[in-house]
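Could you work out the structure for the sequence below:
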Amino acid sequence: MSKTTPRPRGTGSVRPKMRVVVKNGRRVKTTDPTGRWSARAYLADGRYWKGTFASEREAKTGLARILGAKADGQRTVPSAQRLGDWWEEWLSTFMTGKSARSQHDIRARGRRYLPKWLLARPLAKLSPTDVQTVLNGMAERGLSPTTIRMVRGDVRAALNRALKLGKVLRNVATLTDPPKQVRRTYRWLTGEEAALFLAEAEANDAARAAASADGLVDDVDAALFTLLLMEGPRPGELYALRWDDWDEAAGTLQIRRALERFSGRAASVGDGKGWAFKATKTGKHTELVLTAASARALRTHRARQRRLRLALGPAYTDRKLIFASATGGPCNADVVRDRFRQIVGALALRLTGQVPPPPLSLAGHSLAAHRAAKATRAKALREALAATGLDRLRLYDLRHSSASLGLAAGEDLKSVSERLGHSTITLTANVYSHVAVATKRRSAEARDALLTASR
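Predicted coordinates:
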C-alpha cells in the first residue's frame, strides 16, 4: 500500500462543508444545505486546525488570518477562554487609560445587560447569533436604541482586542445589526425665552435669599445658568471651574478640566468622596471671551460666595471652586437639575400668561387642603410645560441654546465650534444645521440689499 504524501506544514485549504446522508441504502457525501464552508490548516508546529464559516469569503479570511498569525508566532487556535473571563481581563488590563467614570459605566452595562449564558460562552464558540439575540432581547424589553448601541459597542471593543491578540478569528459583534438610531427632537430657547429664563433665575435667587434667615444662598445660582446659556460649556466643565481660570481684567475664562461624579459602587473611585477631576471631553483647553452678562454674573456670584464662606467659617473648605457646595466641595449636580426644573417651570407659567405662585405653606390650612392645592399647581405646571414644549428642555440644552443664539446673532460656525469645544467643525455644522440655514438666508438677503442699493 502506497503512503499518502503529507501536506506541507503552514498550508491550508477551504471547501464547501460536507455532510453524510443515506441514499438508496448507501452513505453518500453531499454539500451542506446551509451553504457553509469549512477551512483547514496544517500548522508549522504540526498541529491541525479547522473551522466552519458562513461563506467562502469568510472561510478564506479566517484561513489567511490563522496562517498569518502562526507565521508571526501568535496564537493560532481560537481561545477556549470564556467571554466573561475575557471581559474582566479586558477591563482590568486594556481599559485603564479610560476615565474612572467610563470604566464604571462599561462594567455597569456588562453586569446589567450581558446575560450569564453569553458570558459563559467560550470565545471560540461565540457567534453573531449569540450577540444578536442579546441585542434583540434588549429591544423587546423596551430599552432605547442608544443603550443597545452602547452595549454592542462595548462587546465589539472587547472582541477587537481579542482579535488583535489572536484569541478569536473574527469579531462577531461587527456582524450584528445595531438598532436604527432615532434622532432626538431638541427644544432650545429663543432669544426672548433666554432673557426670561435668566430673569426667572435671578428671581429664584431672590426668593431663596428672602426665605433664608441670614439671607445667604448656595452657589447654584443665576451665575451658573448664565454661563451655561451665554457661553455654552458642558455642565461638567462648569462644575470644575476655579477662580484662577477667570481673568477678570482680560474678560476671559479658561476651560481646562471637567468634573465627574460617582455613586453606588463607584463612590470610592477618584478621591474617595464620589468625585474627581478629569480632562475635558476632547482633551483640549478652551478660552472663552465672556459676554458682559456673564462677567457681571460672576462678580455678583463671587461677592455672594465670600459672604457664605465667612459665615460658615471652619465648616467651609475652600477649594477655590467658582461653583461649590455649601461645604466648599463641587456643587451637587442633582441640586443643579432640581433648581433648573424650578426655573423652567416658572418660565413655562410666565410664557402661558400665568404668574408663578409663591411656595405653599401649611399655616392656616388643613393637610387635605394643602394636598389639593399642591395637586392643582402640579397640574397647571404640567399643562404649561406641555403647551410651551419646555417639558423636553434639559439642562444640557442650555448649551445647545447658547450655540443657536450665537449663530442667530451672526457668530460664524468656526467660532461657535471653538467656543463649544467641539472636536471638529463638522459636528457643529451637523447639530446646528437648522440655524445655519437661517444664517444663509440672512446672508442672501444682505447680498440682495447690496445689489439694490447699488442701482
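
so where do the helices sit in the stretch 51-200 of the chain?
For the stretch 51-200 of the chain, applying DSSP state H, counting those that start in this stretch gives helices covering 56-71, 83-94, 100-113, 116-119, 128-140, 145-164, 191-211.

Take those and lay them out in CSV including distance to Val20, mean neighbour count and mean pLDDT.
C-beta coordinates here come from the backbone N, C-alpha and C atoms, glycine included. Compiled in CSV, the helices of the stretch 51-200 of the chain are given as follows (distance: least, Cβ to Cβ, whole Å; neighbours: other Cβ atoms under 10 Å; pLDDT from 0 to 100):
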stretch, distance to Val20, mean neighbour count, mean pLDDT
helix 56-71, 20, 18, 76
helix 83-94, 33, 16, 92
helix 100-113, 41, 16, 89
helix 116-119, 31, 13, 95
helix 128-140, 25, 16, 94
helix 145-164, 33, 18, 93
helix 191-211, 74, 17, 90
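
can you put those in a markdown table and add distance to Arg299?
Converted to a markdown table, these look like this (distance: least, Cβ to Cβ, whole Å):
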| stretch | distance to Arg299 |
| --- | --- |
| helix 56-71 | 64 |
| helix 83-94 | 46 |
| helix 100-113 | 33 |
| helix 116-119 | 55 |
| helix 128-140 | 50 |
| helix 145-164 | 40 |
| helix 191-211 | 14 |
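
Of all these, which one is nearest Arg319?
Go through those one by one with Cβ to Cβ and the one that ends up closest to Arg319 is helix 100-113, at 19.0 Å.

and Gln305, what element?
Following DSSP states H and E, one finds Gln305 within helix 292-312.

Report the angle between the following helix or strand past that helix and helix 191-211.
Next helix or strand after helix 292-312 toward the C-terminus (DSSP H and E): helix 333-351. Taking axes from the mean of the first three to the mean of the last three Cα atoms, to 10 degrees, one finds that helix 333-351 is oriented at 120 degrees with respect to helix 191-211.

Buried ones in helix 333-351, by neighbour count?
333, 336, 339-351 (16 or more other Cβ atoms under 10 Å).

The helices of the stretch 51-200 of the chain: which one's closest to Gln305?
Ranking the helices of the stretch 51-200 of the chain by proximity to Gln305 (Cβ to Cβ) places helix 191-211 first, at 12.7 Å.

What are the contacting residues of the closest one?
The contact list for helix 191-211 (Cβ atoms under 8 Å, 6 or more residues apart in numbering) reads 189, 215-217, 221-222, 225-226, 229, 293, 339, 342-344, 346-347, 350-351, 356, 358-359, 401, 405, 408.

Give me the angle between it and helix 292-312.
Orientation note: helix 191-211 sits at an angle of 20 degrees relative to helix 292-312 (the same axes, to 10 degrees).

contacting residues for the closest residue to Pro115 other than its chain neighbours?
Leaving out its chain neighbours, the residue that sits closest to Pro115 by Cβ to Cβ, 6 or more residues apart in numbering is Val134, at 6.4 Å. Val134 makes contacts with 113-115, 118, 151, as judged by Cβ under 8 Å, 6+ apart.

at 10 Å instead, please
Contacts here follow Cβ atoms under 10 Å, 6 or more residues apart in numbering; on that basis Val134 touches 113-115, 117-118, 148, 151-152, 155, 176.

Next: Ala295.
226, 230, 246, 248, 251-253.

hmm, back to that, select, from the contacts of Val134, the two members most distant in space.
Maximum pairwise distance among those (Cβ to Cβ): 18.2 Å, between Trp117 and Ile148.

sorry, back to before: so which of the contacts of Ala295 comes closest to Ala446?
Nearest to Ala446 among these: Met230, at 25.5 Å, using Cβ to Cβ.

pretty sure that closest one is touching Ala293, no?
Yes: at 5.6 Å, Met230 counts as touching Ala293 under the criterion of Cβ atoms under 10 Å.

Those two: who's more crowded?
Between Met230 and Ala293, counting by other Cβ atoms under 10 Å, Met230 is the more crowded of the two (22 against 16).

How confident is the prediction for that one, by pLDDT?
Predicted confidence (pLDDT) for Met230: 93.

returning to what we had before: give me the buried subset of the contacts of Ala295.
For those, a neighbour count by 16+ other Cβ under 10 Å gives the buried set as 226, 230, 246, 253.

Please name the residues that touch the third one.
Under the criterion of Cβ under 10 Å, 6+ apart, the contact list for Trp246 reads 252-254, 288, 290, 294-295, 298-299, 302, 322.

Low-confidence stretches in the stretch 151-300 of the chain?
Applying pLDDT under 70 to the stretch 151-300 of the chain flags the ranges 262-273.

what ranges do the strands span in it?
Secondary structure of the stretch 151-300 of the chain (DSSP state E, counting those that start in this stretch): strands at 246-247, 252-255, 258-261, 275-278, 286-289.

want to throw the ones you listed into TSV with distance to Thr388?
Output for those, formatted as TSV (distance: least, Cβ to Cβ, whole Å):
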stretch	distance to Thr388
strand 246-247	34
strand 252-255	31
strand 258-261	30
strand 275-278	34
strand 286-289	29
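
Pick the most buried one from these.
Most buried of the strands of the stretch 151-300 of the chain, by mean neighbour count (mean count of other Cβ atoms under 10 Å): strand 258-261, with a mean of 22.

Return the distance of that strand from the chain's centre.
Offset of strand 258-261 from its chain centre (Cα atoms, centre = their mean, to the nearest Å): 13 Å.

In its sheet, which strands sit next to that strand, and in what direction?
Strand 258-261 pairs in its sheet with strand 275-278 (antiparallel), by DSSP bridges.

Give the rounded mean pLDDT of stretch 29-43.
Here stretch 29-43 scores 83 as its mean pLDDT.

Pull out the buried positions in that stretch.
Within stretch 29-43, the residues that count as buried by 16+ other Cβ under 10 Å are 36-43.

How much space separates the residue nearest to Pro115 from Asn171?
Applying Cβ to Cβ, to the nearest Å, the value for Val134 to Asn171 is 15 Å.

how about low-confidence regions in the stretch 301-450 of the chain?
Looking at the stretch 301-450 of the chain by pLDDT under 70, you get 360-365, 432-443, 447.

Out of the strands of the stretch 151-300 of the chain, flag the one nearest Leu312.
Nearest of the strands of the stretch 151-300 of the chain to Leu312, taken as Cβ to Cβ: strand 275-278 at 19.8 Å.

With only the CA atoms kept, save the closest one in CSV.
The C-alpha trace of strand 275-278 is given here as CSV (Å, rounded to 0.1, in the frame of the first residue of the first chain):
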residue,chain,number,x,y,z
TRP,A,275,-16.0,62.9,42.6
ALA,A,276,-12.8,63.5,40.7
PHE,A,277,-11.4,65.9,38.1
LYS,A,278,-10.5,64.7,34.6
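
can you give me how far it is from the chain middle?
Centroid displacement of strand 275-278 relative to its chain, using Cα atoms, centre = their mean, is 17 Å.
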